[in-house]
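S.K.: A structural model of the following input is requested.
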Amino acid sequence: VSHAWVADTELDYTITHVNHCLWPVPIPRGITIENIREQLLMYNIRYSWLDVLCLRQVAAPRPDMRLQVDAGTLAARERCRLDEWAKDVPLIGETYRQASRIVVYLSGLGKQFHAGGWDHER
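M.R.: Alright, predicted model coming up:
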């Protein structure tokens, strides 16, 4: 499952465990991980790879999201994330090429699509 980015002002963050650390995961405002799960089940999808969960996101996207860790830990997490992305992102295209079905959600899975905002830098 892939997603289309929305503007930062339209994002909320949910905190999840990734490799024994807490990481903020950006999802469109008004959507929860449970909403995404329910939508996938409606499509009869039992197993999925959700890129926003499977690839670490920025460890502290906003100053209020530092998760009570020091600057050195944040820097180490960011290096880890960049290393992971350098290795894994090139494989994503191959993953999608070999997939039997791909679900792309725009504006947030389970939310009504709106055509505005396509001029955003993302």
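S.K.: give me phi/psi at the most centrally placed residue in the chain?
M.R.: Nearest to the mean C-alpha position of the chain, by C-alpha atoms, centre = their mean, lies V52 at 2.1 Å. With angles defined as degrees, to the nearest 10, V52 shows backbone torsions of phi -70, psi -20.
S.K.: ok, it touching P28?
M.R.: No: taking contacts as C-beta atoms under 8 Å, V52 lies outside contact range of P28: 10.2 Å. (C-beta placed from N, C-alpha, C; glycine too.)
S.K.: low-scoring stretches of the protein, by residue?
M.R.: 1-6, 18-19, 60-68, 105-122 (pLDDT under 70).
S.K.: Run through the strands of it in chain order.
M.R.: Taking DSSP state E as the criterion, the chain carries its strands at 2-3, 11-18, 21-28, 104-105.
S.K.: So which residues of the protein form helices?
M.R.: Secondary structure of the chain (DSSP state H): helices at 33-42, 51-54, 71-98.
S.K.: Can you lay out those helices as a markdown table showing distance to H17?
M.R.: Formatted as a markdown table, those follow (distance: least, C-beta to C-beta, whole Å):
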| stretch | distance to H17 |
| --- | --- |
| helix 33-42 | 12 |
| helix 51-54 | 10 |
| helix 71-98 | 13 |
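S.K.: now, of these, which is deepest in the fold?
M.R.: Here the criterion is mean neighbour count by mean count of other C-beta atoms under 10 Å, and of the helices of the chain the winner is helix 51-54, at a mean of 16.
S.K.: helices and strands around that one, which ones?
M.R.: Contact here means 3 or more C-beta pairs under 8 Å, 6 or more residues apart in numbering; DSSP states H and E; on that basis helix 51-54 packs against strand 2-3, strand 21-28.
S.K.: what are the C-alpha coordinates of that helix, in PDB please?
M.R.: Extracted as PDB, the C-alpha positions of helix 51-54 are listed here (Å, rounded to 0.1, in the frame of the first residue of the first chain):
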ATOM      1  CA  ASP A  51       5.400   1.800   3.200                       C
ATOM      2  CA  VAL A  52       4.700   4.600   5.700                       C
ATOM      3  CA  LEU A  53       5.000   2.000   8.500                       C
ATOM      4  CA  CYS A  54       7.700  -0.200   7.000                       C
END
